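> What shape does this take:
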Amino acid sequence: MSNNNNGQQEIVINESTPLLQTEQQQRQQRIQNAKSEAFGLILMTLSALAFSTMSLFVKLSGASFASFEIVAARSIVQAALGLVGCYMLGINPLGKPGVRKWLFVRGFVGSTGLALFFYSITQLPLADATVVFFLSPTFTAILAALILREAFTFFDGICATLCMVGAILVSKPTFLFGGDDMETGSLQRALAVLAALVGALMAAFAYVTVRKIGKGAHFLVHTVYFGVISTVTAIPMLFAFQEYVAPEGWKEYGMLLMTGVLAFIGQCLLNNGLQLAPAGPGTLMRMNDVAFAFAFGILILHEYPDVYSVTGALLVVGTTVAMGVKKWFKSKQQ
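From the prediction side, this is the model:
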């Protein structure tokens, strides 16, 4: 560094300066990326906690309210919070004209999956319903290969097969594990498992639709469509097939309110976490839903899983994480 005629300092550039600056910038960028990824994983863990706590409130609410009433309550709260968020950020809640039809499709299949998942939670142990519903990443991989022409390798096929085996161990169908198919409890459980499976498939369709939309819509717009369409579909279904029960007292109102608040918080944390965290570790953090569900089931609901449920859960979680980590390494290589 030297002084010029005006007494100002000049930076002397030599051959080593660009190299030193580049190395320092790369090091700072790596540190910044690591911090961002770590923060993203924290956000995804918190989102898993929010969604699991929401499922716990759904389970507790199921003792007093029909599943469609819980869906309607959550959806109204979620839509309202989404609209407030769009207003505060200056976002058009209708989205861009070119993607509105896909936003509608995403909202419809997502709301259908949500209704089926909530029904399964009210009829099954919390951990079992969560595990079966978490077949959705496997269904997503298959649908993405069929619809979006994404790669689906032999390894993915093995993981998908093991995932299905895990779901069978959790659901314990009577034709494999014994029991009377005509028993009311057996039929009710089979219907709840089927609802969770179809719900997982609908959630996979919703995720593939989100992938197709890409960055064409803000996540709050997705939240608004999801909430509004769920409300419009859940209320008629409630009065057509179930019975409306008016909430009594702050406790029942609070449980219904918290399902919507926690769902909204979980979606915000999840979307922000997905933008920061790599796909593989992000998938691992998302699987915390299952761990929290088992913990809530044992500690709060006193639902103790048998060896089949535990083994099936490990298969579903393990294979899903393996598929996510594989995609992460592939993206790193690319």
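
> Check the gap between the closest residue in space to P125 that isn't next to it in sequence and D128 for me.
Among residues not flanking P125 along the chain, E303 sits closest, at 4.2 Å (Cβ to Cβ, 6 or more residues apart in numbering). In this view, the C-beta of every residue, glycine as well, is placed from N, C-alpha and C. To D128, E303 is 8 Å away according to Cβ to Cβ, to the nearest Å.

> In what element of secondary structure is M202 found?
Take DSSP states H and E as the rule and M202 turns out to sit in helix 184-213.

> what is the rounded mean pLDDT of that helix?
If you average the pLDDT over helix 184-213, you get 86.

> Strands along the protein, start to end?
Secondary structure of the chain (DSSP state E): strands located at 2-3, 9-10.

> Now do the contacts for the residue nearest to V228 when sequence neighbours are not counted.
Among residues not flanking V228 along the chain, A79 sits closest, at 4.9 Å (Cβ to Cβ, 6+ apart). A79 makes contact with T223, V224, F226, G227, V228, S230, T231, according to Cβ atoms under 8 Å, 6 or more residues apart in numbering.

> do that again at 7 Å, thanks
V224, G227, V228, T231 (Cβ atoms under 7 Å, 6 or more residues apart in numbering).

> Distance check, it against F226.
8 Å.

> Low-confidence regions, the protein specifically.
1-21, 174-185, 274-275, 277-284, 286, 328, 331-334 (pLDDT under 70).

> Please enumerate the helices of it.
For the chain, the helices defined by DSSP state H occupy 16-61, 67-89, 100-123, 126-133, 136-147, 154-171, 174-177, 184-213, 219-241, 249-276, 279-286, 288-299, 307-333.

> Deepest-packed of those, please.
helix 126-133 (a mean of 28; mean count of other Cβ atoms under 10 Å).

> What is that one packed up against?
helix 16-61, helix 100-123, helix 154-171, helix 184-213, helix 288-299, helix 307-333 (3 or more Cβ pairs under 7 Å, 6 or more residues apart in numbering; DSSP states H and E).

> closest one to L276 among those helices?
helix 16-61 (2.8 Å; Cβ to Cβ).

> And stretch 306-322, how far out from the chain middle?
From the chain centre to the centre of stretch 306-322 is a distance of 18 Å (Cα atoms, centre = their mean, to the nearest Å).

> next one: stretch 248-255
With Cα atoms, centre = their mean, you get 26 Å for stretch 248-255.
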